[in-house]
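# no FASTA, just this:
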């Protein structure tokens, strides 16, 4: 945009310069033709022998000299104008190069800065997403802990009772042995819940607005005049005026370009030096500094106006000194004519204006009286020099009137300058006081903003530490959860194996007890038959017959059953394998105790993790409250700074 505008201005300037150059060349040719005609006329007259100088010839020679002088001046003006045009072209080329530099270097840097800001915004959005994800993971960890506690509570603790197996007693009536029943239950449920996370992606948009400003430049048309000398003078004045406008416009453009270059360089330096986190704070500080610079510039302008006022007062002082010199010369002239006037000294200590005015009126009245007295005097003393005296008196009156007019004008100017100086002094004092107060307020605001930035940095550090602790707690909880799950699975496997062993032992014991009951029943029946036979033998008549020698079967001792028909002899406990069953049951009880102990450890770890999570949540809530408090303080400070700037 700036380049296109500069090119348009350059093209319009070239067109105007070409038009003025063509017009200047045309006028120069006309002047040269006129000079040539005058020279030819003079040469013809001189060749004809007319050497008598007439008034017309003198007038023509004077006009010729004047035309030559003006031609030389115009040539000098033309050369100066060409030099100025060359300088303007160089300046335009310089500004064009600066515009190209801004387009090629500064604009890409600003775009890079914009990309950095967009990436920072994306990082901020990612941080919000991570915070949401951590909250959901904490909620998931809570649900998993609750599921583990419920799983532990769901494992029943049932006592295992075994009925004793009675052996043969000494009593006659033995009851049959009851069968042993062992009941075992298992629970291996593990609830895991997973929650899906939805990610949000925010879009960043930026809008670029370009404000076009166009100004119509109308070339200045030079009026055509019939007189070539007058036309040449008007053309010179127009050229001077156009040159003055061009210089003013060039100065304004240079100031505008310098200001824009400084702004762009400041933005570039700020974009290269600042970190993303402190960008907003440094923008505020930069705005404050810009306001302070504007206030300083206004103070400099006020000082410049004060200097101009002092310059005007010094000029007024010079006018007063000149009036004093003229008054002194008038006093000398009056003293020559024996007119007494009071002495007024203004070198050491000036009198008041009203007193000087009264004295000047008195002197004026005395002078007029003396003049009238001199006019009404004897004609003999003034007869010879009447004309000179009249002229002197007129000159004296005119000088007195001029002195009075200058005195009144000087008094009015002095009063005006005094009022302006007083008003400027008051406005300057008020402006300086206001600027001082504003500077103090801005400095306090900047100090508070620095403190807030330090607090924000500390809060960000605490938030990052809390975030790392949350991540560590979540990781540790996941590891412990995985470890607990593995332990629970191992315990379930152990319990299942022990339960299988106990079931096998119980089945074998039941089978052995059943066989033993069958054998005992058979032995009992055989024993009953044997007793019945013995009883029937005692009641027979053969009992009273002579005793027969005992049968060798009954004569022998009762045999020891070391080996039976089913195998080697063993006790009832060995036959029913109750010891093995007791060992298996003891192993199962030990496994259950170990499982209870490990479940208690898991529950204690889960409780510890829940306490840590609760502490982290409290710290997170405290950090969020601190962050909101800092944000409120920052908003309040910004409002204060805006109020100070307004």
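Alright, I've got the coordinates. Bear in mind that the values here come from a model prediction, so they are computed numbers and not experimental data.

# Quick check: closest non-adjacent residue to residue 474.
In space, and not counting its chain neighbours, residue 474 is closest to residue 137: 5.5 Å by C-beta to C-beta, 6 or more residues apart in numbering. The way it works is simple: take the backbone N, C-alpha and C, and place the C-beta from them, glycine included.

# could you say which helix or strand contains the one you found?
Using DSSP states H and E, residue 137 sits in helix 107-154.

# what packs against that helix?
helix 228-273, helix 386-538, helix 578-645 (3 or more C-beta pairs under 8 Å, 6 or more residues apart in numbering; DSSP states H and E).

# please redo it, this time with the cut-off set to 10 Å
helix 228-273, helix 279-336, helix 386-538, helix 578-645 (3 or more C-beta pairs under 10 Å, 6 or more residues apart in numbering; DSSP states H and E).

# report the angle between the axes of the shortest one and helix 107-154?
Helix 228-273 runs at 20 degrees relative to helix 107-154, counting by axes from the mean of the first three to the mean of the last three C-alpha atoms, to 10 degrees.

# what about helix 228-273, average pLDDT?
In this model, helix 228-273 has a mean pLDDT of 80.

# So which elements touch it?
helix 2-48, helix 55-101, helix 107-154, helix 279-336.

# I'd like the ones you listed laid out as CSV, including distance to residue 494 and mean neighbour count.
CSV is the format used below for these (distance: least, C-beta to C-beta, whole Å; neighbours: other C-beta atoms under 10 Å):
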stretch, distance to residue 494, mean neighbour count
helix 2-48, 84, 13
helix 55-101, 80, 13
helix 107-154, 16, 15
helix 279-336, 62, 14
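
# and the gap between the closest residue to residue 633 other than its chain neighbours and residue 407?
Ranked by C-beta to C-beta, 6+ apart and with sequence neighbours excluded, the top spatial neighbour of residue 633 is residue 452, at 5.8 Å. Plainly put, residue 452 is 66 Å away from residue 407 if you go by C-beta to C-beta, to the nearest Å.

# One more: residue 131?
From residue 131 to residue 407 the distance is 85 Å (C-beta to C-beta).

# Break the chain down into its structural domains.
Per automatic domain parsing, the structural domains of the chain span 1-149+226-273, 319-344+351-375+389-529+571-645.

# worst average pLDDT in those domains?
domain 319-344+351-375+389-529+571-645 (a mean of 73).

# who touches residue 631 in this structure?
452, 456 (C-beta atoms under 10 Å, 6 or more residues apart in numbering).

# Now stretch 244-256: buried residues?
Buried positions in stretch 244-256, judged by neighbour count with 16 or more other C-beta atoms under 10 Å: 246, 250, 253.

# hmm, who's touching that stretch?
With C-beta under 10 Å, 6+ apart as the test, stretch 244-256 has contacts from 2, 5-6, 9, 13, 16-17, 81, 84-85, 87-88, 91-92, 94-95, 217, 220.

# Swap in 6 Å and give it another go.
The contact list for stretch 244-256 (C-beta atoms under 6 Å, 6 or more residues apart in numbering) is empty.

# how many neighbours does the residue lying closest to residue 627 once chain neighbours are set aside have?
By the measure of C-beta to C-beta, 6+ apart, the closest residue to residue 627 outside its immediate chain neighbours is residue 459, 5.9 Å from it. Neighbour count of residue 459, defined by other C-beta atoms under 10 Å: 16.

# residues in contact with stretch 66-84?
residue 31.

# let's go with 8 Å and repeat that
Stretch 66-84 has contacts (C-beta atoms under 8 Å, 6 or more residues apart in numbering) with 24, 28, 31-32, 34-35, 229, 232-233, 236, 239-240, 243, 246-247.

# Export the domains of the chain as CSV, with columns for distance to residue 293.
As requested, these are exported to CSV (distance: least, C-beta to C-beta, whole Å):
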stretch, distance to residue 293
domain 1-149+226-273, 10
domain 319-344+351-375+389-529+571-645, 12
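
# closest one to residue 311 among these?
Residue 311 lies closest, by C-beta to C-beta, to one member of those: domain 319-344+351-375+389-529+571-645, at 10.3 Å.

# coming back round to it: tell me the one of the buried residues of stretch 244-256 nearest residue 469?
residue 253 (60.3 Å).

# The closest one and residue 262, how far apart?
For residue 253 relative to residue 262 (C-beta to C-beta), the value is 15 Å.

# what's the answer for residue 460, then?
Look at residue 460 and residue 262: by C-beta to C-beta, they are 33 Å apart.

# The two: who's more crowded?
More neighbours surround residue 460 than the other of residue 460 and residue 262, with 13 against 10 (other C-beta under 10 Å).

# Report how many residues lie close to residue 481.
Residue 481 has 19 neighbouring residues, counting by other C-beta under 10 Å.

# and if you look at the one 4 residues further on?
Other residues near residue 485 come to 15 when the count uses other C-beta under 10 Å.

# The one 3 residues further on now?
Residue 488 sits with 21 neighbouring residues when counted by other C-beta under 10 Å.

# With distance to residue 117 added, can I get the helices and strands packed on helix 107-154 in CSV?
Formatted as CSV, the helices and strands packed on helix 107-154 follow (distance: least, C-beta to C-beta, whole Å):
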stretch, distance to residue 117
helix 228-273, 9
helix 279-336, 7
helix 386-538, 18
helix 578-645, 19
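
# Residue 127: which of the ones you listed is closest?
Residue 127 sits nearest to helix 386-538 of all the helices and strands packed on helix 107-154, at 8.7 Å, using C-beta to C-beta.

# what angle sits between the closest one and helix 107-154?
20 degrees.

# Show me what helix 386-538 is packed against.
For helix 386-538, the packing partners by 3+ C-beta pairs under 8 Å, 6+ apart are helix 107-154, helix 279-336, helix 353-375, helix 572-576, helix 578-645.

# show me the residues around the nearest residue to residue 64 once chain neighbours are set aside that make contact.
Nearest residue to residue 64, sequence neighbours excluded (C-beta to C-beta, 6+ apart): residue 38, at 5.4 Å. The neighbourhood of residue 38, defined by C-beta under 8 Å, 6+ apart, consists of 60, 63-64.

# Same check on residue 522?
Counting by C-beta under 8 Å, 6+ apart, residue 522 touches no other residue.

# And it, how far from residue 492?
Distance, residue 522 to residue 492, by C-beta to C-beta: 45 Å.

# Tell me the spacing between the residue nearest to residue 474 and residue 143.
Where residue 143 is concerned, residue 137 sits at a distance of 11 Å (C-beta to C-beta).

# same question, residue 25
Distance from residue 25 to residue 143, by C-beta to C-beta: 97 Å.
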